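# got a sequence here, can you model it:
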Amino acid sequence: MSNNNSAIVSKVWSFCNTLRDDGVGYGDYLEQLTYLLFLKMADEYTKPPHNRQMPIPAEYNWESLVDLKGAELEAHYTIMLRELGKEKGILGQIFTKSQNKIQDPAKLSKIIAMINNEQWLMMGVKDKGDIYEGLLEKNAEDTKSGAGQYFTPRALIKAMVECVNPQPMKTIADPACGTGGFFLAAYDYLVEHHQLDREQRQFLKYNTFFGNEIVASTRRLALMNLFLHNIGDIDSDNFISPADALIADAGVRYDYVLANPPFGKKSSQTFTNADGEQEKEDLTYNRQDFWATTSNKQLNFLQHIRSMLKTTGMAAVVLPDNVLFEGGAGESVRKKLLETTDIHTILRLPTGIFYAQGVKANVVFFDNKPSSKDPWTKEIWVYDYRTNVHHTLKKNPLKLEDLRNFITLYNPENRHKRTETYHPETNPEGRWRKFTYEEIIARDKTSLDITWLKDKSLADLDNLPDPDVLAEDIIENLEAGLESFRTILVALEK
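Numbering: from 1, shown residues only. Okay, here's the model as predicted:
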């Protein structure tokens, strides 16, 4: 990053810290920054050498803001946000349900001046993107805002994309896309690994990515994040739908699905009862194309993702442990998935890598297939990167290098050529092991929650992890336990 762009990053960050003293969190700051950046860049597009017509009404464009001060600025900005939210396309989506969260007009004026002083279109795509991604990560760290649930560790996303190895002129979808992390990683991967011609570049920019995000504030961050990374345009169609992806089969099929569906086990909807109070009830999706009817959100997402794929489509999905071992609907879905798709790889993830506490998760890789009388899954390769692995968000965050050995063994160029590292006699600590279809279906409830390594912290009291790692583990286990008890309580109340 150039010195000039580094200075801009510092400026953006320092202002965020100033606003935090006024009770404005990263999320609120990020939203205001998104509105103002979008308007400023649209304004730059109307000037030479671009000279483009923008779909922003003149009374609410960037220039209508820059000379205002005090109460007049605050009033105009508030009206502007409301009116732009009524517009069509990406413009309307960026400003949907937008509100002014900066109550001090002097500080709002300073942010406008800071943004006005830079030529954002002149800045490199990577630098603009880096500024915004940095803010998104900071927002995810602010656990009180709950934004962490929309932020998948970027190292994990990059590893998943490398393994799937997407190709040009193919479509990529994410039915719960959060701030768009999978799209950005796939975009970077395609640009870095292929010499794209003009047609391929156009397809990548406008026709590759399709997502759903039901939370308006998160969808706005995703749209801006993609726009700053050169995906889509101010006046192009909106490719992130606000619709609940699980409600129905949209009928469109994609080449790749990369996703980390929301963690909560239950889908729910809010309604007003007879007393006028708001209540939540479990939401069950009755879809003819689903194998099992359940209120378990991840099982529904897993079934939906399979339905989104072309018969040649490939998926990589982050799923919690319960999806791999749960009976009932879970077992039904696993058996059907084993039969109708080729579940070829499972990566067991370590704890301490997500902003949501107590998460024990895996990445499941599977390829869709045409209908067949024989099961498509012949063998599943499991990489255990959980046992005896300790990560924390601050002291030892997950890095791409940590997953490099897995990517190598996965062998994206030809995953049919793989070699086990586990051997019961010569290498019992090998993390890469193959299981046949027959071995899998013989397991209790067709469980895919497979482990074979010994936990050293249990076997060797002299080699206990550091106290902070132990504390993290205890918190993870307590959180996971609490989540299980909440599920039981809901079932008992019924």
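
# show me where the stretch 201-350 of the chain has strands.
209-212, 240-241, 254-259, 268-272, 278-282, 309-320, 341-348 (DSSP state E, counting those that start in this stretch).

# residues in contact with the third one?
To tie it back to what came earlier, the one meant is strand 254-259. When contacts are defined by Cβ atoms under 8 Å, 6 or more residues apart in numbering, strand 254-259 is touched by residues 157, 160-161, 164, 166-167, 170-177, 182, 186, 210, 301, 305, 308-310, 312-318. Yep, even glycine has a C-beta here, placed from its N, CA and C like the rest.

# buried members of these into PyMOL, please.
The buried residues among the contacts of strand 254-259 can be selected in PyMOL (16 or more other Cβ atoms under 10 Å) with this line:
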select buried, resi 157+160+161+164+166+170+171+172+173+174+175+176+177+182+186+210+301+305+308+309+313+314+315+316+317+318
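
# tell me the domain boundaries of this structure?
Listed domain ranges for the chain are 3-127, 137-487 (source: automatic domain parsing).

# those domains: which one's closest to residue 493?
domain 137-487 (10.7 Å; Cβ to Cβ).

# any idea of the mean pLDDT in that closest one?
For domain 137-487, mean pLDDT is 88.

# likewise for stretch 13-31?
In this model, stretch 13-31 has an average pLDDT of 77.

# ends of that stretch, how far apart?
End-to-end distance of stretch 13-31 (Cα to Cα, to the nearest Å): 14 Å.

# give me the residues contacting it.
Under the criterion Cβ under 8 Å, 6+ apart, residues 98, 101-104, 107, 110-111, 114, 134-136, 138-139, 142, 144-145, 147, 217, 220-221 lie in contact with stretch 13-31.

# now residue 110: which helix or strand?
helix 105-116 (DSSP states H and E).

# which SSE is immediately downstream of that helix?
Going down the chain from helix 105-116, the next helix or strand is helix 125-141, by DSSP H and E.

# please save the CA atoms from the helix or strand following that next one in PDB.
Following helix 125-141 in sequence order, the next helix or strand is helix 154-164 (DSSP H and E). Output in PDB follows, covering the C-alpha atoms of helix 154-164 (Å, rounded to 0.1, in the frame of the first residue of the first chain):
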ATOM      1  CA  ARG A 154     -10.700 -14.700   5.800                       C
ATOM      2  CA  ALA A 155      -8.000 -17.400   6.100                       C
ATOM      3  CA  LEU A 156     -10.600 -20.100   6.100                       C
ATOM      4  CA  ILE A 157     -12.500 -18.600   3.200                       C
ATOM      5  CA  LYS A 158      -9.300 -18.400   1.100                       C
ATOM      6  CA  ALA A 159      -8.500 -22.000   1.900                       C
ATOM      7  CA  MET A 160     -12.000 -23.100   0.900                       C
ATOM      8  CA  VAL A 161     -11.800 -21.200  -2.400                       C
ATOM      9  CA  GLU A 162      -8.400 -22.600  -3.200                       C
ATOM     10  CA  CYS A 163      -9.700 -26.200  -2.700                       C
ATOM     11  CA  VAL A 164     -12.800 -25.600  -4.900                       C
END
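
# off-centre distance for helix 154-164?
12 Å (Cα atoms, centre = their mean, to the nearest Å).

# swap in stretch 309-325?
Distance of stretch 309-325 from the chain centroid (Cα atoms, centre = their mean) equals 14 Å.

# kindly export it (C-alpha atoms) in PDB.
The C-alpha trace of stretch 309-325 is given here as PDB (Å, rounded to 0.1, in the frame of the first residue of the first chain):
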ATOM      1  CA  LEU A 309     -26.300 -26.700  -7.600                       C
ATOM      2  CA  LYS A 310     -26.100 -27.700 -11.200                       C
ATOM      3  CA  THR A 311     -25.600 -31.500 -11.700                       C
ATOM      4  CA  THR A 312     -21.900 -30.700 -12.200                       C
ATOM      5  CA  GLY A 313     -21.900 -28.100  -9.300                       C
ATOM      6  CA  MET A 314     -19.500 -28.100  -6.400                       C
ATOM      7  CA  ALA A 315     -20.100 -26.900  -2.800                       C
ATOM      8  CA  ALA A 316     -17.900 -26.100   0.200                       C
ATOM      9  CA  VAL A 317     -20.000 -25.300   3.400                       C
ATOM     10  CA  VAL A 318     -19.100 -24.500   7.000                       C
ATOM     11  CA  LEU A 319     -21.400 -26.600   9.200                       C
ATOM     12  CA  PRO A 320     -21.500 -27.100  13.000                       C
ATOM     13  CA  ASP A 321     -20.800 -30.600  14.600                       C
ATOM     14  CA  ASN A 322     -24.500 -31.200  15.300                       C
ATOM     15  CA  VAL A 323     -25.200 -31.500  11.500                       C
ATOM     16  CA  LEU A 324     -22.700 -34.300  11.300                       C
ATOM     17  CA  PHE A 325     -24.000 -36.500  14.100                       C
END
